[in-house]
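Engineer: Just the structure for this:
(6 chains)
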Number of protein chains: 6
Amino acid sequence: MKNNIRHTSGMYGNIKLFAGTGCPEVAQKISRYLNIPLCGRDIDEFSNENLWVRLHESIRGQDVYVIQTTSRPVHRNLMELLIMLQTMRLDSAGRVTAVVPYLCYTRSDKKDKPRVPITARLVADMIEIAGADRYMTLDMHAGQIQGFFSIPGDVLSAFHILAEHMTKLLPQMKDPVVLTVDLGFAKKGRNFAAALGLPIAFIEKRRPTIKGAAEALTLIGDVKDRDVIIVDDEVDTGGSVAQAANLAKDYCARDIYLTFVHPVFSDLIIERLSKAPITRLITTASIPISPRKLAKIKEMCKTDILDIAPLMGEVIRRAHEGRSVGEMFDE
Amino acid sequence: MKNNIRHTSGMYGNIKLFAGTGCPEVAQKISRYLNIPLCGRDIDEFSNENLWVRLHESIRGQDVYVIQTTSRPVHRNLMELLIMLQTMRLDSAGRVTAVVPYLCYTRSDKKDKPRVPITARLVADMIEIAGADRYMTLDMHAGQIQGFFSIPGDVLSAFHILAEHMTKLLPQMKDPVVLTVDLGFAKKGRNFAAALGLPIAFIEKRRPTIKGAAEALTLIGDVKDRDVIIVDDEVDTGGSVAQAANLAKDYCARDIYLTFVHPVFSDLIIERLSKAPITRLITTASIPISPRKLAKIKEMCKTDILDIAPLMGEVIRRAHEGRSVGEMFDE
Amino acid sequence: MKNNIRHTSGMYGNIKLFAGTGCPEVAQKISRYLNIPLCGRDIDEFSNENLWVRLHESIRGQDVYVIQTTSRPVHRNLMELLIMLQTMRLDSAGRVTAVVPYLCYTRSDKKDKPRVPITARLVADMIEIAGADRYMTLDMHAGQIQGFFSIPGDVLSAFHILAEHMTKLLPQMKDPVVLTVDLGFAKKGRNFAAALGLPIAFIEKRRPTIKGAAEALTLIGDVKDRDVIIVDDEVDTGGSVAQAANLAKDYCARDIYLTFVHPVFSDLIIERLSKAPITRLITTASIPISPRKLAKIKEMCKTDILDIAPLMGEVIRRAHEGRSVGEMFDE
Amino acid sequence: MKNNIRHTSGMYGNIKLFAGTGCPEVAQKISRYLNIPLCGRDIDEFSNENLWVRLHESIRGQDVYVIQTTSRPVHRNLMELLIMLQTMRLDSAGRVTAVVPYLCYTRSDKKDKPRVPITARLVADMIEIAGADRYMTLDMHAGQIQGFFSIPGDVLSAFHILAEHMTKLLPQMKDPVVLTVDLGFAKKGRNFAAALGLPIAFIEKRRPTIKGAAEALTLIGDVKDRDVIIVDDEVDTGGSVAQAANLAKDYCARDIYLTFVHPVFSDLIIERLSKAPITRLITTASIPISPRKLAKIKEMCKTDILDIAPLMGEVIRRAHEGRSVGEMFDE
Amino acid sequence: MKNNIRHTSGMYGNIKLFAGTGCPEVAQKISRYLNIPLCGRDIDEFSNENLWVRLHESIRGQDVYVIQTTSRPVHRNLMELLIMLQTMRLDSAGRVTAVVPYLCYTRSDKKDKPRVPITARLVADMIEIAGADRYMTLDMHAGQIQGFFSIPGDVLSAFHILAEHMTKLLPQMKDPVVLTVDLGFAKKGRNFAAALGLPIAFIEKRRPTIKGAAEALTLIGDVKDRDVIIVDDEVDTGGSVAQAANLAKDYCARDIYLTFVHPVFSDLIIERLSKAPITRLITTASIPISPRKLAKIKEMCKTDILDIAPLMGEVIRRAHEGRSVGEMFDE
Amino acid sequence: MKNNIRHTSGMYGNIKLFAGTGCPEVAQKISRYLNIPLCGRDIDEFSNENLWVRLHESIRGQDVYVIQTTSRPVHRNLMELLIMLQTMRLDSAGRVTAVVPYLCYTRSDKKDKPRVPITARLVADMIEIAGADRYMTLDMHAGQIQGFFSIPGDVLSAFHILAEHMTKLLPQMKDPVVLTVDLGFAKKGRNFAAALGLPIAFIEKRRPTIKGAAEALTLIGDVKDRDVIIVDDEVDTGGSVAQAANLAKDYCARDIYLTFVHPVFSDLIIERLSKAPITRLITTASIPISPRKLAKIKEMCKTDILDIAPLMGEVIRRAHEGRSVGEMFDE
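Structural biologist: Numbering: from 1, shown residues only, chains lettered A, B, ... in the order given. Now for the predicted structure:
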């Protein structure tokens, strides 16, 4: 079967998959894609909140992949990842790859004012010091964050997957246009629009210069009588996208599609989305969504959750076999 | 006033105190002891749980002390500490000292079985990589953990404080004996007993060899008709000490005093202590105890919470001034 | 005189300024601003192109600032910087700060395709390994590059200076609008527009999808009958800005002002600018421009070269004295 | 033959065994166990005491094991180990493992008073910097020392071997009880007693509080009319164990068995043991004992020297083959 | 065919050869020797002089050799090497070896006066930080420079090749003697003389003690009526060797042969050699010589350029296969 | 008094001198030169040969100098140095300088054959990892060894002192000539000769090409009827210099003076010197010579032991005060 791992001369031993508790479903799907079972491990939390890990089998000299997201509960998940990485290293793994579908703190990636941290660099340092030889993740807030790591990594993009899905929906849309809600996302939004062959529009936000005055929003570009595809990298409270959807309506847009990679979805998301004229929401399974929350969202708008496990699984396979990942994307 | 900092030629600039959100009371007390105000800082949590820090003033070239515990919520508190340390480093502090009254994960300090982490080493690595030049903490689970750090540190002991306090209580006790509940604490228990001039006894625990059988407990030494001082480094659920207190009673002990440095106190503590014949509980303020929990404990037994801020404050002062800390303890 | 250095207890010794051969004029101006002479040094190039450095005075325990740009000749200038940094380190400097008005390779800051370098990270690593304890630079291509360094740094922005200058020109303009030529610069362009209180427009470029077809350019936003301020971080061949100026004209813009921080100005600049309807060019002295080239540019359009030495000099002073840099910008 | 190395796809090349001059017998036995000859090397000492090493064969890309103890002459043996490790690294070994049956300085593992070193950490750092990718040793003074290394290691215990041997002797003993001579060894002593299914007793030592007075020794637990098994990790001058044996006799113990892992055996050992009522001494071959010294000890008491080469050899094999070491001990 | 790579179990994947732009001919010859094609890559220089690299194929997990010299243009070539190394590392190469026929800056290898750099160490640090796991080079100015690297390396000597060639010429010479032009090369000169079985003479240079006086040259040893073989590691402007040749003539030497490893050959070489009585020049192809320059030299004296590609190719092969390099030289 | 330390604003605290047990006399003399007492410390050796150090006073934030040689007993002295350095670091010293009059293993500074160590680099790494921020030493075997350290250092030369002393002796000599015994020392020998204004001669040694044949020695240069000054960096067994002295006599030299920096003096020295026609021996006190050995040498030839404490003391003072060391030597 084509999905099985090729037993090459394998410089880093055999492949071993481990899952943290952060994204069990993604881990399971990767395991199924690769046709390789997840290795057993205990992850316990003591009454003092300290975590403890024990592997059920030796990974000496093996090519280990630790699949663990760092979405909510962020700090516990991050610590779990780090402890697992150290355990692998101390147990003489041949190579350790941190597989993190969603990497936390990537929005803290620069000092835009004095005396603030660059926490994304700190997280990169922590992953390295814990013992990762490599890392793998999906769509970080800025491409530059890859430069925060001194270890090699595969930073994959799920926009390929979103674009492929949107392409299927295009025939049913009217004069669609892509809309970005943050100017920092303008270039990536353009790339997404170009992949779909669509024009692009931007929302520009300005902080009020007079205290107490409202934030000023401008929509630059043409959305009138068009279906609008709002695109972003992640959605958390949904505040910005709700605002954008309403503004687009003010500018006489037709249906609003909302697409993004990471459904961070804090609790406010339900309320915010409920007030936004979203026709359809398209995201990925990079972050687990609670069934209750997902049900509520589905009540509000048509919702597509795209699978990212085949993408990550395929890259794990190629990384293990020493084959090109770029050629998956014709690069 | 004797508590004021000497303005020496100060190789590391002026002293700057910052507090995380983990132990505001200790930080305040240290500040008062040193007669130096805490510097302003914002610590925010975004809706996606990510933390963000901003300092209200520049610390360029200054001698910075970040006071932050890593007790419950452990991982958030730890991350807050690390982010603050990085912020100080990136803002060109002269020297950064992590002041951590209670350091988490020190019980994960060795591989007592295969394929487990040494998380205390990981935590030490994280503190160093974040940017601490030095650290300061109280009574870690094992003295060897100091060797996990490559940066210098001051690992202080509050047993001096506990012993001094117990000495005042001794006159009212009958034939007191010190009792340790874990053989790993035997040597430190002996030192504590020696400081008080008392004999010592031990509880030996054995895991059941027959499945389903109960754990076997033996009390080695003499507690009959004596007041018993149970001593340990920290108490979490209170399970072991409750068991020890009851066992001592079985061996005809009189009053039971319970003394330890770190009141970790998970939720189970109330229930466990309620079933234990504890006469008096003596601990320190190294970890904040919720008022509700403290009230309940005080209902059950006389409770003394000893202050550790003067100890930590004095060491901060001496570290800043380049003076001996050892001579505080006649060493 | 207010510009003199305060002789504080100075944790890092006295200030010592050294200049490489890359930007002698900026170094001289910083020296004059600080009222501190540049220290003597030999920088020789042997017949085999290898460089050699010798300091004329000892810098043991002193606070050293090496002022050297990494503009053309890029690699020689970079190597000169690195050799000077190492010389300072090996001669037991107290602290070494690399002062680099223009940092090379910052556009190579991410892996936007597989199998390419992140050379900006490499440059950061080289500066650190050579011996810099800190660095100082102006407007890097992306704010995230600060996270490539593990040493602290002051990344200053000259957009304050450009904005202040533009503000003086605004009264003579008609309905001015800011225009960015690259969507990756959209957010910074917005910040610049906001600082001036102006609206913003964007140029969107798309690679031709049909081979041989021309690149497609769209101007999004409103420039008709308005004076246009094209803003960017650096201008090299001038191709993009010339294209943008002409496109703006096609959209019936009035006068075109071109403003940017770094005048990289390769040889093509003269030809490109000569075909572009630029009314006035406003940039900084961050990179030396040859007198011949400057004369030609001045023939083509009114040209303002703003001084950055006071900014850098003031930050050096504050870094040395352990005072806030942020407060220079009310931050 | 079952002892031969499996020629797996071997990520770290072929196994290569080298021996220092510290423990030639152990090295020979490991070599025989693995059925792999020791590689040739010169180790010379010049007239200025400096050592020099030359390998007789290339170890490029191979999986190298350097077997060298750090017992007496401690510093020469340690240096020899470090030089061999560096030689392997510089000669492009695939992986280098330091195999050190007895690691020196493990008793200097914490700062139990101010201004003292943690030499065990220093030794760990030296082994890493010299070039070891991994290390392997037997029973260090404290389990935490494993956390002093950032490289992975196999810290094996010979107490399995001692316990197995003692079990065979138990039938001939009367009411045996385990006795520890140092409270710092209480927990490990308990584990040993539990493995044998025996009760435990402790000796508590207190420094004299009145100057000139004798050290106070107390035996806690029951040894009367029982055969006593004194257990410790190492015996050097034999002072403590001689004292313990005599004290046990004072408490009416019957025969005294003395068992421990490392026979450090300084010159005083003969005199000390000669005054101690030891019936039988059981230790391992982790440290070479001079034939003369061994003969004298055998005159004094029955002496069993247990082999540790099969244990170390088996772990080397498994480390090389990427197989579990834990499963050797049902863990 | 004997030159093909053995497909061993290859711990570092397959061999991959890449060439920089510095020494295309050597790279081609190594490729032919190994019967392995050079991998495709783009190396572009932007108009701002910044370089950019893109590999045409994935090198994940492979054993990569980057062949790039650091001769003229020195700094561009060095940067190209470093960028290629980083690209390999970030693309998850299995092992990266920098193959540098001529390493720049090796004459800056010590602080022979205060306040000067040790640039050779800086270059070593840069190669390591960029991502090389190993390096390979020919005859550095001092053997000690190998100690500047913490990574392993193969420092090969082409004096074997020169000696072999000279041996063939000896029969036609009259009473040949080896002459060194710098006392720092005395020992290597002796080794070369010993390899040829010839006596040796030295030139001693002294800086003038009286200002304005000429440098004093003494020839120590016997060259009268003998053919003289001047030997050195590299020749740049040719000043020293021209002086030496003339001095030898003054001492009544017969024919002068000039042999050295690295033809650095700055522009002055033509003029200098034209004034020197050189009969025959023997060097290697370690550094590319421009056809024009070579033609001029050939006009002046008989010139032999010896190939070093087979030597480097063979060492690459052995490094990849994990076989001894020393045995190539009977060592 | 001019020798007192200037109490500058002293960035690294006050000066603190500590001495190891290796060169107590040099340490005492440095202390006297600086008019600063040596700080108290215990250095004990346990019965298992392990060393233990305890400082008598705190060195927090101070500028510490650890004076310890690494001559015989080499490995014990080296370990003592390293342990002291670590103790200083862990006790939060402001800056730690290793002051090592004689650094061991500097002759193991290159791989002159395959599969040998570069132990001098290892020693440098060990000194750094132990905690030295800087180092100071006298005349290492090769100047390049300074490049083995990544920390700054002061490598002083005592040849200034030897030359000054010899100059006083010159008037009583007849046509003196300098003679080097090893071609690796030719350049330094030339520098020494130039400082004295004398000619130079060399001894060339060749290994026998025919087995069993004797080593071939040639004296190149003119010594006939001249007084000869043999110069070297160190003398160990005295074999080479004895051979050289006899050979010079064979070439009709007159008196033989022997001068060198480091009197390593292994036990063979007495026998070797006794057979050599040495008139006068001039060396330094960089290495302690046992009184018995010194007495015997003095019986054989006039012996001058020059003091190096003022040189080292003055450099310590200048390093502490942040003043130039180079200007001591008019550099």
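
Engineer: can we go C-alpha only for contacts and neighbour counts from here?
Structural biologist: Will do.

Engineer: Which helix or strand contains the closest residue to chain F within the stretch 1-150 of chain A?
Structural biologist: Nearest residue of the stretch 1-150 of chain A to chain F (C-alpha to the nearest C-alpha) works out as A:I129 at 18.1 Å. Assigned by DSSP states H and E, A:I129 belongs to helix A:119-130.

Engineer: now that helix and helix B:119-130, what's the angle there?
Structural biologist: Between helix A:119-130 and helix B:119-130, the angle comes out at 140 degrees (axes from the mean of the first three to the mean of the last three C-alpha atoms, to 10 degrees).

Engineer: Helix A:119-130 and chain B, any residue contact?
Structural biologist: Yes: against chain B, helix A:119-130 shows contacts by C-alpha under 8 Å from any C-alpha of the partner chain at A:T119, A:L122, A:D125, A:M126, A:I129, A:A130.

Engineer: re the thing from before, identify the residue nearest the residue of the stretch 1-150 of chain A closest to chain F in space, chain neighbours excluded?
Structural biologist: Spatial nearest neighbour of A:I129, excluding adjacent residues (C-alpha to C-alpha, 6 or more residues apart in numbering or on different chains): B:D125 at 6.9 Å.

Engineer: can you give me phi and psi for A:A98?
Structural biologist: Per-residue torsions, A:A98: phi -80, psi 120 (degrees, to the nearest 10).

Engineer: what about it, how many neighbours?
Structural biologist: When neighbours are defined as other C-alpha atoms under 10 Å in any protein chain shown, A:A98 has 26 of them.

Engineer: which residues does it bridge with?
Structural biologist: In this entry, A:A98 is beta-bridged to A:V66, A:Y135, by DSSP bridges.

Engineer: Stretch A:164-178 and chain C, any residue contact?
Structural biologist: No: residues of stretch A:164-178 contacting chain C under C-alpha under 8 Å from any C-alpha: none, with a closest distance of 13.0 Å.

Engineer: In that stretch, which residues are buried?
Structural biologist: By neighbour count on 16 or more other C-alpha atoms under 10 Å in any protein chain shown, the buried set for stretch A:164-178 is A:M166, A:D175, A:P176, A:V177, A:V178.

Engineer: before we move on, the earlier item: could you report the separation of the residue of the stretch 1-150 of chain A closest to chain F from chain C?
Structural biologist: A:I129 sits 14 Å away from chain C, going by C-alpha to the nearest C-alpha, to the nearest Å.

Engineer: I'd say that residue and B:E128 touch.
Structural biologist: No: contact between A:I129 and B:E128 fails when scored by C-alpha atoms under 8 Å: they sit 10.0 Å apart.

Engineer: picking that back up, number of residues surrounding the residue nearest to A:I129?
Structural biologist: B:D125: 19 neighbours (other C-alpha under 10 Å).

Engineer: Quick one: residues contacting the residue of the stretch 201-331 of chain A found nearest chain B.
Structural biologist: Relative to chain B, the nearest point of the stretch 201-331 of chain A is A:S266 (6.1 Å; C-alpha to the nearest C-alpha). Contacts for A:S266 (C-alpha atoms under 8 Å, 6 or more residues apart in numbering or on different chains) come out as A:D236, A:T237, B:S47, B:N48.

Engineer: Chain E: which of those is nearest?
Structural biologist: Among the contacts of A:S266, and counting by C-alpha to the nearest C-alpha, the member closest to chain E is B:N48, at 30.2 Å.

Engineer: That closest one: which element?
Structural biologist: Per DSSP H and E, there is no helix or strand for B:N48.

Engineer: Give me the three-state assignment for the closest residue to it other than its chain neighbours.
Structural biologist: Closest residue to B:N48 apart from its sequence neighbours, by C-alpha to C-alpha, 6+ apart: A:S266 at 6.1 Å. Recorded secondary structure, A:S266: coil (DSSP: H, G, I helix; E, B strand; the rest coil).

Engineer: what's the spacing between A:V181 and A:P263?
Structural biologist: Distance of A:V181 to A:P263, given as C-alpha to C-alpha, to the nearest Å: 16 Å.

Engineer: meant to ask about A:L38, not that
Structural biologist: 25 Å.

Engineer: which one of the two has more residues nearby?
Structural biologist: Applying other C-alpha under 10 Å to A:L38 and A:P263 shows that A:P263 carries more neighbours, namely 25 against 18.

Engineer: Kindly provide the distance from the more buried one to A:G22.
Structural biologist: Distance from A:P263 to A:G22, by C-alpha to C-alpha: 14 Å.

Engineer: Residue numbers of the stretch 51-200 of chain A in contact with chain C?
Structural biologist: Residues of the stretch 51-200 of chain A lying near chain C (C-alpha under 8 Å from any C-alpha): A:109-114, A:118, A:121, A:143-148, A:183-184, A:186-187, A:190, A:194.
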